[in-house]
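Asks: kindly return the folded structure for what I paste below:
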Amino acid sequence: MEAASSPSDRRGGPPEARGGSPELLGDILRRVMRDVRPARGRRRDAILRAWEGAAGPEIAALTRPATLRQGVLTIEVRSAGLLHELRGFRQQELLDRFLEAAPEGRVRELRFRLGVF
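Replies: Residues are numbered from 1 along each chain as shown. Next comes the predicted model:
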């Protein structure tokens, strides 16, 4: 009984590897990350603009959005005094203003932490 021939055998050439020729993993990752980076950068820029609009120029100059995880936007603050003010007295006001500037619903809470930048 004769073995069934593969499609590449019927074309007369050697069988080709699935997906083309081999590539280095580093090259593949660079290509993938290059494609992903613009979307992530646009999202980061939108958050930064919304924060600057909500916080105003004085507070924005002393703070920066650091992480967004599970709806919690963490803001890094340069000084302990400002950290205390934002946590204790301005958190809800800034969240409300942020949500006006970025109403897509990705942020549900603001957290502040001391940062070095």
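Asks: can you map out the strands along the chain?
Replies: For the chain, the strands defined by DSSP state E cover 63-69, 72-77, 109-114.
Asks: what's the most buried one of those strands?
Replies: Counting by mean count of other Cβ atoms under 10 Å, strand 72-77 has the highest mean neighbour count of the strands of the chain, with a mean of 19. C-beta: built from backbone N, CA, C; applies to glycine.
Asks: mind checking the pLDDT average for stretch 29-47?
Replies: For stretch 29-47, mean pLDDT rounds to 77.
Asks: tell me the buried residues in stretch 85-103?
Replies: For stretch 85-103, burial by neighbour count (16 or more other Cβ atoms under 10 Å) applies to Leu86, Arg90, Gln91, Leu94, Leu95, Arg97, Phe98, Leu99, Ala102.
Asks: follow-up on the earlier one: so which of the strands of the chain is nearest Gly20?
Replies: strand 63-69 (36.9 Å; Cβ to Cβ).
Asks: for the chain, what's the longest helix?
Replies: Longest helix in the chain, counting residues (DSSP state H): helix 25-61.
Asks: what angle do strand 109-114 and that one make with each other?
Replies: With axes from the mean of the first three to the mean of the last three Cα atoms, to 10 degrees applied, the angle from helix 25-61 to strand 109-114 works out at 90 degrees.
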